[in-house]
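[1] Below: sequence and its predicted model.
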Amino acid sequence: MKRKVLVVFMLLLVVGTAVFAQEASSDEAGSSSSVWKYFAAAVAVGLSCIAGGMAVGRIGAAAMGAMSENPELSGKALPYAGLAEGICLWGFLVALLILVL
């Protein structure tokens with residue numbers, strides 16, 4: 001599954017780069033930097049959300065397994081899932097800084 005996701009991402013990256021390169025060659029130099037800015041913001045959010053989803057999936061599976069053996073562990077597993085969700089938030093903040101600055 002990981003290999004398929006990686007292949008799809010690389011394919012989208014290559015196709016997106018080719019499309020943006022054609023648009024950049026036909027436009028002015030000023031608009032070319034804005035195209036790359038949006039592309040960088042999309043990559044920041046996309047990769048962070050994929051990584052956050054993978055982390056939450058693994059942490060959630062481990063937490064459910066631990067809670068099935070000992071129900072008192074539910075309170076201890078929740079912060080770890082929250083930390084994994086924070087990866088998505090950081091990606092969004094990086095993308096926001098890329099677009100604003």
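    Done, it's in. Numbers count the residues shown, from 1 in each chain.
[2] Pull out the buried residues from the host helix or strand of Leu89.
    In the assignment (DSSP states H and E), Leu89 maps to helix 74-100. Under the neighbour-count criterion of 16 or more other Cβ atoms under 10 Å, helix 74-100 has Ala77, Ala84, Ile87, Cys88, Gly91, Val94, Ala95, Ile98 buried. For the C-beta atoms, the positions are set from N, CA and C on the backbone; glycine is no exception.
[3] Find the least confident helix or strand in the chain, judged by mean pLDDT.
    Least confident helix or strand, the chain: helix 2-26 with a mean of 64, by mean pLDDT, DSSP states H and E.
[4] Next, give me the two most distant ones among the buried residues of helix 74-100.
    Taking Cβ to Cβ, the two most distant members of the buried residues of helix 74-100 are Ala77 and Ile98; they sit 33.3 Å apart.
[5] ok, back up a step: of the buried residues of helix 74-100, which is the nearest to Ser48?
    The nearest one, if we look at the buried residues of helix 74-100 relative to Ser48 and count by Cβ to Cβ, is Gly91, at 2.3 Å.
[6] can you pull the contacts of that closest one?
    Ala44, Val45, Gly46, Leu47, Ser48, Cys49, Gly52 (Cβ atoms under 8 Å, 6 or more residues apart in numbering).
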